[in-house]
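K.L.:
Give me the fold of what follows.
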Amino acid sequence: MSTSTWKVTGLTCAHCVGAVTEEVSALDGVQDVTVDLVAGGTSTVHVTSDTTLSREAVAAAVDEAGYALAGDRDLPLA
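P.N.:
Take a look at the predicted model:
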């Protein structure tokens, strides 16, 4: 199992969280997605997957939901 944390900009409500969760959950190997919403700020998306996900794959899923990754790397959980 691999867990990664991603920063996402533009989320403002539960609908936004649902859209990102749905798209990221559709990636191969993803087991769980949780979002810590910071409305109007930078939210944190935690992803548990069978293998390490590439930034490009997560960025594409987040983009499909209508949002964007902040920064250019994933951050390990403390």
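
K.L.:
Helices of the chain, residue ranges please.
P.N.:
Along the chain, counting by DSSP state H, helices occupy 14-25, 55-64.

K.L.:
Ala19: how many residues sit nearby?
P.N.:
Ala19: 17 surrounding residues under other C-beta atoms under 10 Å. Where you see a C-beta, it was placed from the backbone N, CA and C, and this is true even at glycine.

K.L.:
Distance of the closest residue to it other than its chain neighbours relative to Met1?
P.N.:
Excluding its sequence neighbours, the residue lying closest to Ala19 (C-beta to C-beta, 6 or more residues apart in numbering) is Ala65, at 4.1 Å. Using C-beta to C-beta, to the nearest Å, Ala65 is found at 24 Å from Met1.

K.L.:
Settle it for me: which of the two has more neighbours?
P.N.:
Remark: of Ala65 and Met1, Ala65 carries more neighbours, 20 against 9, as counted by other C-beta under 10 Å.

K.L.:
Could you list the buried residues of stretch 1-8?
P.N.:
4, 6-8 (16 or more other C-beta atoms under 10 Å).

K.L.:
With stretch 9-18 instead?
P.N.:
10-11, 16-17.

K.L.:
related to what we said a few turns ago, output the helices of the chain in JSON lines, with distance to Leu37 appended to each entry.
P.N.:
Output for the helices of the chain, formatted as JSON lines (distance: least, C-beta to C-beta, whole Å):
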{"stretch": "helix 14-25", "distance to Leu37": "6"}
{"stretch": "helix 55-64", "distance to Leu37": "14"}
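
K.L.:
Select, out of these, the one closest to Thr48.
P.N.:
Across the helices of the chain, Thr48 has its closest neighbour in helix 14-25 (10.5 Å, C-beta to C-beta).
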